[in-house]
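Asker: fold the stuff below for me.
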Amino acid sequence: AGAQHTVWTGAQGAMASPYESYQPADDGPSGSPHYEASPHYIASPQHELERPMVEKSVDGGSTPVAHYRDVPFAVLFVAQLFAVLVAAVANGRHVALEMPSASIVSAATLRLCAAACLTSALFAAGWLAILRQHARALIWLATGGSATLYAITSVWLLTGKHPSSVALGFLLLLTACAHLSFLYMVRDRVAFSATLLSTVASLIHSHPALIMLALGAVGVTLVWLVVWSIAMSYTLHARALALGGPSGEQAYGAQGGVVFLLLLSFYWTLHVVKNVVHVTVAGTVGSWYFLAPQLQTDPTRRSLHRALTTSFGSICLGSLVVSIIRAFRLGASAASRRAPPGPIRSCLLCALGFLDVLVRFFNQYAFTHVALYGKHFTSASRDTWALLVRCGIDVLAQKELTGSVLLSGCVTGGLVNVLLLGSVARSSFGGDAHEWLPVAWLVFLVGAGVQLLVSAIVESAICALYVCYAEDPNALAMVHPQLYASFVHANPTVPLPNAPIFQPTRSGRADV
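Answerer: From the prediction side, this is the model:
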């Protein structure tokens with residue numbers, strides 16, 4: 001039955017329809033209905049009942065709720081970090097005296113890296129500006145361009161005479177066809193994904209502290225890489241000398257347990273740093289989503305404080321799960337090189353790889369629940385599973401469309417650096433490709449890496465927006481009318497928990 005204003009009664013009591021707050025006016029420029037705010041907006045009671053991240057004070061402000069989650073895992077993480085630091089300090093003297101000294105990086109290489117960082121920062125700023133205005137065009141260019149590249153490469157391989165070349169070309173041709181088929185099936189969601197990207201780009205532009213946070217995370221990661229490398233390198237070196245040979249394989253086989261623990265520590269720390277950034281970005285977006293226009297001052301700093309205090313244990317627990325899988329995957333891959341090939345080994349490695357990707361995708365949304373509601377990681381995982389059961393296909397489709405734009409931005413950022421600085425590298429290091437080509441690759445990696453930082457923030461913010469809308473669509477009505485209209489028009493299957501699915505029509509009626 002259709003109704004102009006539909007009100008339903010759920011588990012939390014009477015609740016307004018997600019479409020009650022907007023009435024359609026003229027169609028927007030993208031063909032989607034344009035919605036105007038209605039004075040009859042009713043905040044969802046569910047949002048008020050389940051919001052431990054902030055609680056309203058008497059004067060209308062907000063104060064953080066201090067509930068520390070999963071504390072034992074935070075303690076365990078700090079303990080392993082301290083253990084690696086002690087090992088690195090103890091081994092540092094031996095590394096300096098016994099291990100071969102590394103060649104010093106030339107001044108020309110450092111100057112090129114500094115120039116690459118500058119050009120990458122300028123490109124990232126320009127890319128965000130273009131994303132705010134022309135996100136839809138970027139989606140078509142990225143998705144269509146990748147399919148075209150697959151097709152061109154497949155045709156080139158099919159013209160070869162070697163059977164492996166023909167087989168690979170046929171596989172790439174199938175991939176191009178599948179890519180185009182997927183793009184055709186989700187073509188109606190391009191406008192919705194474009195609105196998401198442009199909104200997130202505007203949010204990042206208005207919260208530059210998020211970029212500074214990502215840069216700070218890179219600095220912390222680099223320091224950790226130096227400390228961990230000292231602890232790991234001397235462990236392998238000393239063990240190889242004790243066995244009478246410099247082989248790293250021998251050291252790994254003789255001291256596999258120690259190496260595995262160091263690998264686990266390596267991945268765990270990297271994922272904790274990454275997820276702290278993700279939780280901070282999600283918390284900033286959540287503050288904008290739920291608290292605007294009475295937004296707190298400096299929401300990024302408040303979100304970072306929660307990520308490093310009350311939610312830090314949950315971050316450590318979720319990161320540990322991923323790190324164990326990745327360490328086992330790397331260990332199994334190294335062990336398989338010494339074992340005879342076989343289908344069982346290949347299947348196990350494939351299963352570990354699939355599990356790694358699946359858990360990382362799952363954790364991205366679980367950590368968003370941690371950031372928004374301050375939950376335990378186990379509770380956030382249950383809610384994430386319920387979310388993916390309700391709207392998993394829409395999440396995957398949206399992630400594919402936006403992810404293609406982010407990936408193309410990273411590749412383009414690296415290529416722009418090579419085009420601008422490649423000739424400089426060649427003139428500085430001479431015409432020998434062995435001299436200047438590694439520097440050109442380094443310049444490419446710097447450009448792609450800087451753009452990857454921005455893309456990671458964009459991806460975290462999109463994830464947070466999707467979860468926020470899934471939990472409480474009505475809150476978006478007062479914050480961003482056009483984004484709310486895009487959600488309604490695209491009709492992603494994101495109903496509220498235990499709610500009927502509303503089907504909006506072009507006339508503005510909500511069919512249950």
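
Asker: what strand or helix carries Leu128?
Answerer: For Leu128, the host element (DSSP states H and E) is helix 107-158.

Asker: report the angle between whichever helix or strand comes after that helix and helix 107-158.
Answerer: Next helix or strand after helix 107-158 toward the C-terminus (DSSP H and E): helix 163-185. Per axes from the mean of the first three to the mean of the last three CA atoms, to 10 degrees, the angle that helix 163-185 makes with helix 107-158 is 90 degrees.

Asker: hmm, who's touching helix 163-185?
Answerer: 143-144, 146-148, 150-151, 153-160, 400 (CB atoms under 8 Å, 6 or more residues apart in numbering). In short, each C-beta sits where N, CA and C put it, glycine included.

Asker: can you pick the most crowded of those residues?
Answerer: Thr143 (24 neighbours; other CB atoms under 10 Å).

Asker: about what we covered before: what's the helix holding Leu128 packed up against?
Answerer: Secondary-structure packing of helix 107-158 (3 or more CB pairs under 8 Å, 6 or more residues apart in numbering; DSSP states H and E): helix 163-185, helix 190-206, helix 377-429, helix 433-471.

Asker: please verify my assumption that Ser486 contacts Ala191.
Answerer: Yes. Contact status for Ser486 versus Ala191: in contact at 6.7 Å, counting by CB atoms under 8 Å.

Asker: ok, the two, which is more surrounded?
Answerer: Ser486 (26 against 20).

Asker: which helix or strand contains that one?
Answerer: helix 481-490.

Asker: about what we covered before: switch the helices and strands packed on helix 107-158 over to TSV; also include mean pLDDT and distance to Ser336.
Answerer: What follows is the helices and strands packed on helix 107-158, written out as TSV (pLDDT from 0 to 100; distance: least, CB to CB, whole Å):
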stretch	mean pLDDT	distance to Ser336
helix 163-185	84	22
helix 190-206	87	39
helix 377-429	81	29
helix 433-471	84	28
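
Asker: what's the closest of these to Leu270?
Answerer: Set against Leu270 and scored by CB to CB, these come closest in helix 433-471, at 12.8 Å.

Asker: how far does that closest one sit from the chain's center?
Answerer: Helix 433-471 sits 9 Å away from the centroid of its parent chain (CA atoms, centre = their mean, to the nearest Å).

Asker: please spell out which residues along it are buried.
Answerer: By neighbour count on 16 or more other CB atoms under 10 Å, the buried set for helix 433-471 is 436, 439-440, 442-444, 446-471.

Asker: please enumerate the strands of the stretch 251-400 of the chain.
Answerer: For the stretch 251-400 of the chain, no strands are identified by DSSP state E, counting those that start in this stretch.

Asker: how close does Leu263 sit to Phe362?
Answerer: According to CB to CB, to the nearest Å, Leu263 and Phe362 sit 22 Å apart.

Asker: same thing with Ala87?
Answerer: From Ala87 across to Phe362, the span is 32 Å (CB to CB).

Asker: okay, those two: which has more neighbours?
Answerer: The neighbour comparison of Ala87 against Phe362 (other CB under 10 Å) goes to Ala87, with 20 against 17.

Asker: next, the angle from the strand or helix carrying that one to helix 377-429.
Answerer: Assessed by DSSP H and E, Ala87 sits inside helix 71-98. Relative orientation of helix 71-98 and helix 377-429, computed by the same axes, to 10 degrees: 30 degrees.

Asker: now find how far off-centre helix 71-98 is within its chain.
Answerer: Using CA atoms, centre = their mean, the offset of helix 71-98 from its chain centre is 28 Å.

Asker: pull the contacting residues for Leu138.
Answerer: Neighbouring residues of Leu138 by CB under 8 Å, 6+ apart: 130-131, 194, 197, 405, 408.

Asker: sorry, back to before: which of the contacts of helix 163-185 lies closest to Ser336?
Answerer: The closest of the contacts of helix 163-185 to Ser336 turns out to be Leu157 (CB to CB; 28.4 Å).

Asker: and the gap between the closest residue in space to the closest one that isn't next to it in sequence and Ala178?
Answerer: Nearest residue to Leu157, sequence neighbours excluded (CB to CB, 6 or more residues apart in numbering): Gly169, at 3.0 Å. As for Gly169, its distance to Ala178 is 15 Å (criterion: CB to CB).

Asker: try Val259
Answerer: For Val259 relative to Ala178 (CB to CB), the value is 40 Å.
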